[in-house]
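> Test case, fold it:
(chains A and B)
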Amino acid sequence: MSILSSLANRDRVFDFLVPAESPVDVRHGPILYLEDVTVSFDGFKAINDLNLTIDDGELRCIIGPNGAGKTTMMDIITGKTRPDSGKVWFGSRHDLLTMNEPQIASLGIGRKFQKPTVFEALTVFENLELAMAADKRILPTLTARMNGEIRDRIDEVLLTIGLAELRERPAGILSHGQKQWLEIGMLLMQRPRLLLVDEPVAGMTEQEMERTAELLTGLAGKQSVVVVEHDMGFVRSIARKVTVLHQGSVLAEGSMDQVSCDPRVVEVYLGAEAEEEAV
Amino acid sequence: MDSSRLWLLRPFGERSTLIFLGVLLAAMALVTLLHVAVPPGHPLYVSAYTVNLFGKYLSYALLAVAVDLVWGYLGILSLGHGAFFALGGYAMGMYLMRQIGDRGVYGHPVLPDFMVFLNWDSLPWYWHGFDMAGFAFLMVLLAPGALALVFGFLAFRSRVTGVYLSIITQALTFALMLAFFRNEMGFGGNNGLTDFREILGFNLRSSETRLGLFLATGVALALGYVLCRAIVTSKLGRVCVATRDAEARTRFLGYRVERFQLFVFTVSAMLAGLAGALYVPQVGIINPSEFSPLFSIEIVLWVALGGRATLYGAVIGAILVNYAKTVFTGVMPDAWLFALGGLFVLVTVFLPKGVAGLLALRYRRRAVGSGAFSGKEASA
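Predicted coordinates for the structure are as follows:
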């Protein structure tokens, strides 16, 4: 059984070497499907019967107080953490629980961590070049040549993330916000189908937040985007649909207005804030 | 044009490489002209001794380029590159020993003098083949390359980096020095290999051969420089810089970082071996002192003085420091170490990016990877 399934996976991985025609099957709607997922660490249930469905091309915000399981959920989707039970499907063809981290990444799930890490001595353009999906063995890398197609792809991403004018500048001179955008651009170079973005606007100025909101809403449609964020104003400005996590499961789901009127959500958030004040 | 070869030609499209090659070739031509066409006694005459000295500087410069490749661009501070230099030198020395033939002091047809002296009756297995120039020259590259491959494989696979790697490289060269000091090793022990006579049939003591070796070293430096430039301007070079600055992030992008490190480290070791092989016939001796940890540290000083991550800075640093060393040890030998230390302090304080940084500031030229450098990285 396991041999058969690994053979089947191998067959699929070869398909993904052609990223433009990623064979992720989304004909039935959802690109990501989590059902009854449970994870516990030393008896503590970080994720408890979580059900979540993300549609293809959707922009979804996930909010919730500290310890609600947001980061653990990201870890499960990217293969970093294995759930104790439940199902995690990417499209209707790929069972993510049978795959490891690199396989999941090559399937087209990109994750941006909170702290931006870009290559400061390299230019913005070169950062994107290195992030591009390509043959990453030694000799192909040594003999790799820049061609029009690659240049166009990089230019396209540069426009998307709004750093076209800074393309030849070293990434070290970028502001915090610009580095975050460059990181998102580096993810885009790998042509992901699903982007997981962890707290993109932490530490950003008001203007940078606005541009990040534009960037993320612009990305949705072409790819699905899941944003985990604390900043309510920011979530309100981008989200069409919001999922509120609490104690490892979904507390409420819907538009921002619906969710913020939900008495349980108010209680959880007010409760959390009251606790914080008490500490 | 075969596309896979194009990366090797890329440096010829760069202004900085063309300037470097132009200056180097002009210097070689000038020295040759002043040596051949100017009569001895004329103030502009360059003696065979000086030509030989310049040849030695150029081989040091090639060694410095090799160190800059791994330190400047890959962030691996090797404090043991002298080992690769010495191994290349020993491979050349073994060839030169075998060239002596039966003209040694003891007149043995095959065995070098020191083996006769030790009462050995036959050649150790690893000395076979070194009577053939082709084999010996191949070993000049393969012996240091093989050591770097094995050492690097173990170190990089275990993700040993930073200070720890520097310490192990230092231990490596120290261990080799102790081993080569032993007579039983069969490399002439304390005295090393010396009393060379001919290389490829040319008398090593003639001034023509010295000029030839000087020019050959210059050509090797030019080729080594172009090769390193080709590597650092390729996408692989950018992966190296990325590894230097954020290793985990590079790995996360899907690059097998340890393989890139191993590849560049091995190339660098082979260049160092070539430098050693060109050095030995010009100084006429190779002994275990070339393995000394101090020498390896000195190489790093040349690179730091010249300017890290520029390649041409390494050349400038190697030549400047060794020229200063020649002058100082001639005028006041005791003051040399103080002068070297003082020079290092001055450059660190006033020219953190070395002499090359000063040049770059003047010409506002931006070399790949030589951008954002801080003191913090330089000490790593």
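
> residue ranges of the helices in chain A, please?
In chain A, the helices defined using DSSP state H lie at A:2-15, A:70-77, A:101-107, A:124-131, A:138-142, A:148-161, A:176-188, A:206-219, A:232-238, A:256-261, A:263-278.

> what's the closest of these to B:Asp68?
helix A:138-142 (18.4 Å; Cβ to Cβ). Every C-beta, even on glycine, is put in place using the N, C-alpha and C of the backbone.

> In terms of secondary structure, what does that closest one contact?
helix B:235-245, helix B:257-283 (3 or more Cβ pairs under 8 Å, 6 or more residues apart in numbering or on different chains; DSSP states H and E).

> Return the set of buried residues in it.
A:138, A:141-142 (16 or more other Cβ atoms under 10 Å in any protein chain shown).

> And stretch A:94-108, by the same measure?
Buried residues in stretch A:94-108 (16+ other Cβ under 10 Å): A:94, A:96, A:99, A:103-108.

> now swap in stretch B:86-101 and tell me
Those buried within stretch B:86-101 under the rule 16+ other Cβ under 10 Å are B:86-100.

> Over to stretch B:46-61?
Applying 16+ other Cβ under 10 Å to stretch B:46-61 flags B:46, B:48, B:50-61 as buried.

> So for it, mean pLDDT?
Averaging pLDDT along stretch B:46-61 gives 96.

> Now do it: distance to the chain's middle.
How far stretch B:46-61 lies from its chain's middle: 14 Å, per Cα atoms, centre = their mean, to the nearest Å.

> ok, the spatially most central residue of chain A - contacts?
Closest residue to the average C-alpha location of chain A: A:Leu196 at 0.8 Å, with Cα atoms, centre = their mean. By Cβ atoms under 8 Å, 6 or more residues apart in numbering or on different chains, the contact set of A:Leu196 is A:74, A:77-78, A:109-112, A:226, A:228.

> tell me which parts of chain A are close to chain B?
A:102, A:105, A:117-122, A:126, A:129-131, A:136-138, A:141-145, A:170, A:172-173, A:186 (Cβ under 8 Å from any Cβ of the partner chain).

> can you rerun that using 7 Å?
Taking Cβ under 7 Å from any Cβ of the partner chain, the part of chain A that reaches chain B is made up of A:117, A:119-122, A:126, A:129-131, A:136, A:138, A:141-145, A:170, A:172.

> Please check those residues and keep the buried ones.
Among the residues of chain A next to chain B, the ones that count as buried by 16+ other Cβ under 10 Å are A:119-122, A:126, A:129-131, A:136, A:138, A:141-144, A:170, A:172.

> Would you check which pair of those lies furthest apart?
A:Thr143 and A:Gly172 (28.0 Å).

> Which residues does A:Asp95 form beta bridges with?
Note on A:Asp95: beta-bridge partners by DSSP bridges are A:Trp89.

> ok, now how distant is it from chain B?
Separation of A:Asp95 from chain B (Cβ to the nearest Cβ, to the nearest Å): 22 Å.

> hang on, that residue packs against A:Gly86?
No - contact criterion Cβ atoms under 7 Å: A:Asp95 and A:Gly86 do not qualify, at 11.3 Å.

> In strands only, show me the buried residues of stretch B:86-101.
The strands, defined by DSSP state E, take in nothing from the buried residues of stretch B:86-101.

> just curious, which of these is nearest to B:Val300?
Distances from B:Val300 to the buried residues of stretch B:86-101, taken by Cβ to Cβ, are shortest for B:Ala86, at 15.8 Å.

> Retrieve the pLDDT associated with the closest one.
98.

> do the same with B:Tyr323
94.

> what helix or strand is it on?
helix B:312-331 (DSSP states H and E).

> Check B:Leu346 too.
helix B:336-350.

> Next secondary structure after that helix?
Using DSSP H and E, the helix or strand that directly follows helix B:336-350 along the chain is helix B:354-363.

> Show me which positions of that next one end up buried.
Residues of helix B:354-363 classed as buried: B:354-357, B:359-360 (neighbour count, 16+ other Cβ under 10 Å).

> Tell me the helices and strands packed up against it.
Applying 3 or more Cβ pairs under 7 Å, 6 or more residues apart in numbering or on different chains; DSSP states H and E, we find helix B:354-363 packed against helix B:293-306, helix B:312-331.

> Packed most tightly, which of the ones you listed would that be?
Mean neighbour count (mean count of other Cβ atoms under 10 Å in any protein chain shown) peaks for helix B:293-306 among those, with a mean of 22.

> how much does that helix deviate in direction from helix B:257-283?
100 degrees (axes from the mean of the first three to the mean of the last three Cα atoms, to 10 degrees).

> Could the C-alpha coordinates of helix B:293-306 be exported in PDB?
Output of helix B:293-306 as PDB, limited to C-alpha atoms (Å, rounded to 0.1, in the frame of the first residue of the first chain):
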ATOM      1  CA  PRO B 293      49.100  27.600  10.400                       C
ATOM      2  CA  LEU B 294      50.800  31.000  10.600                       C
ATOM      3  CA  PHE B 295      51.300  31.000   6.800                       C
ATOM      4  CA  SER B 296      47.600  30.200   6.200                       C
ATOM      5  CA  ILE B 297      46.600  33.100   8.500                       C
ATOM      6  CA  GLU B 298      48.900  35.400   6.600                       C
ATOM      7  CA  ILE B 299      47.100  34.600   3.400                       C
ATOM      8  CA  VAL B 300      43.900  35.700   4.900                       C
ATOM      9  CA  LEU B 301      45.600  38.900   6.000                       C
ATOM     10  CA  TRP B 302      46.600  39.600   2.400                       C
ATOM     11  CA  VAL B 303      43.000  39.200   1.300                       C
ATOM     12  CA  ALA B 304      41.700  41.400   4.100                       C
ATOM     13  CA  LEU B 305      44.200  44.100   3.300                       C
ATOM     14  CA  GLY B 306      43.500  44.000  -0.400                       C
END
